[in-house]
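*Asks:* Could you work out the structure for the sequence below:
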Amino acid sequence: MNFHAPVLFRTIGLKESASLLSSVVTRLCATFANIIAMMVVDRFGRRKLFLVGGAQMILSQFTVSAILAAKFKDYEEMDDGYPYLVLITMCVFVAGFAWSRGPLTFLVPAEVCPLEIRSAGQSIVVAVVFLMTSVIGQTFFEVLCRIKSATFFVFGGRVCLVTLFVYLFLPETKKLPMEQMEQVWKRHWFWKKVVGEEEDKKEAGAGKIALSGL
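*Replies:* Sure, this is the predicted structure:
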C-alpha cells in the first residue's frame, strides 16, 4: 500500500487525481494510527495491539480479495462505489498495521533482546524488514497479474500465521524492567523449556569448571 496505492486505485476505477488523493488518505490514516499507538501501547500492551491490528489486517485483506473477485473484471473498471469501498477497507488495513506491526516490529525486539545482543538483534530486525519490503515491492504487481484477487487472500493468510505466532509465542512486555525480562521467558508455557535447557547447560558447564579446578 505504501508503494503502489495510486496505481492500484487507478487500476480499479478511480480517476488519476482521486487515486493520488486516496494515497494521501491512507497515509493520513497511518499517521493518525501511529499517534494512537504511542498513546495506548503502555496501557493496553503489545500483545493486544498486535492481535487487534492483526485481526483488522486479516479482515481487510480478505474483504478486498472478495470485492475484487466479485466485481473486478479484466480490462473493465469496477462499478461506481466499489473502488471507494476498497479504499475504506484499505484504510482499515493501514490503520491496523500502523498501530500494531508497524511500530511494534521495532519496539518489541528492543525489549526482549538481552543487553549483550540488543544491538545485533535490532540490526537483524531492521535488515529483515527492509529485505522483505524490497521483495514485496518488486514482486507485488507480478503476483497481482498472475493470481489477481487471490493476491490479497495470500497476504491475508500470511497475516493469519503471524498473528497466530504472536498469540502463542509472544509474552507481554509492557512496563517490564529489562532486568526482569528473563523471568517472563521462564514463565512462558513454551519458552521456559528453551530457557530451562540453556540454564541446565550453563550449570553443567560451571560444574565441570569447578571440578576441573579441584
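*Asks:* Please tell me how far the residue positioned nearest the centre of the chain sits from M1.
*Replies:* Taking C-alpha atoms, centre = their mean, the centroid of the chain lies closest to R101, which sits 3.4 Å from it. Going from R101 to M1 by C-beta to C-beta, to the nearest Å gives 13 Å. All C-beta atoms are positioned from the backbone trio N, CA, C, and that covers glycine.
*Asks:* coming back round to it: from E142, how far off is the residue nearest to the centre of the chain?
*Replies:* For R101 relative to E142 (C-beta to C-beta), the value is 24 Å.
*Asks:* M39 now?
*Replies:* 39 Å.
*Asks:* what's the answer for V40, then?
*Replies:* In terms of C-beta to C-beta, V40 sits 38 Å off from E142.
*Asks:* Of the two, which one has the most company?
*Replies:* Remark: of V40 and E142, V40 carries more neighbours, 13 against 10, as counted by other C-beta atoms under 10 Å.
*Asks:* In contact with that one: list those residues for me.
*Replies:* In this structure, V40 makes contact with 49, 99, judged by C-beta atoms under 8 Å, 6 or more residues apart in numbering.
*Asks:* what's the average pLDDT for whichever strand or helix holds it?
*Replies:* Take DSSP states H and E as the rule and V40 turns out to sit in helix 16-44. Across helix 16-44, pLDDT averages out at 88.
*Asks:* got it, and stretch 110-129?
*Replies:* Stretch 110-129 comes out with an average pLDDT of 89.
*Asks:* contacts for that stretch?
*Replies:* 105-106, 109, 173, 176, 178, 181-182.
*Asks:* Just the CA atoms of that stretch, as PDB, please.
*Replies:* Provided in PDB are the C-alpha atoms of stretch 110-129 (Å, rounded to 0.1, in the frame of the first residue of the first chain):
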ATOM      1  CA  ALA A 110      14.500  -3.900  21.600                       C
ATOM      2  CA  GLU A 111      12.700  -5.000  24.800                       C
ATOM      3  CA  VAL A 112      13.100  -8.800  24.600                       C
ATOM      4  CA  CYS A 113      16.700  -9.000  23.500                       C
ATOM      5  CA  PRO A 114      19.200  -9.100  26.400                       C
ATOM      6  CA  LEU A 115      21.600  -6.100  26.600                       C
ATOM      7  CA  GLU A 116      24.500  -8.200  25.400                       C
ATOM      8  CA  ILE A 117      22.900  -8.800  22.000                       C
ATOM      9  CA  ARG A 118      20.400  -6.000  21.700                       C
ATOM     10  CA  SER A 119      22.300  -4.000  19.000                       C
ATOM     11  CA  ALA A 120      22.900  -7.200  16.900                       C
ATOM     12  CA  GLY A 121      19.200  -8.300  17.400                       C
ATOM     13  CA  GLN A 122      17.900  -4.900  16.400                       C
ATOM     14  CA  SER A 123      20.200  -4.800  13.400                       C
ATOM     15  CA  ILE A 124      18.900  -8.200  12.200                       C
ATOM     16  CA  VAL A 125      15.300  -6.900  12.600                       C
ATOM     17  CA  VAL A 126      15.900  -3.800  10.500                       C
ATOM     18  CA  ALA A 127      17.700  -5.800   7.900                       C
ATOM     19  CA  VAL A 128      14.900  -8.400   7.600                       C
ATOM     20  CA  VAL A 129      12.200  -5.700   7.400                       C
END
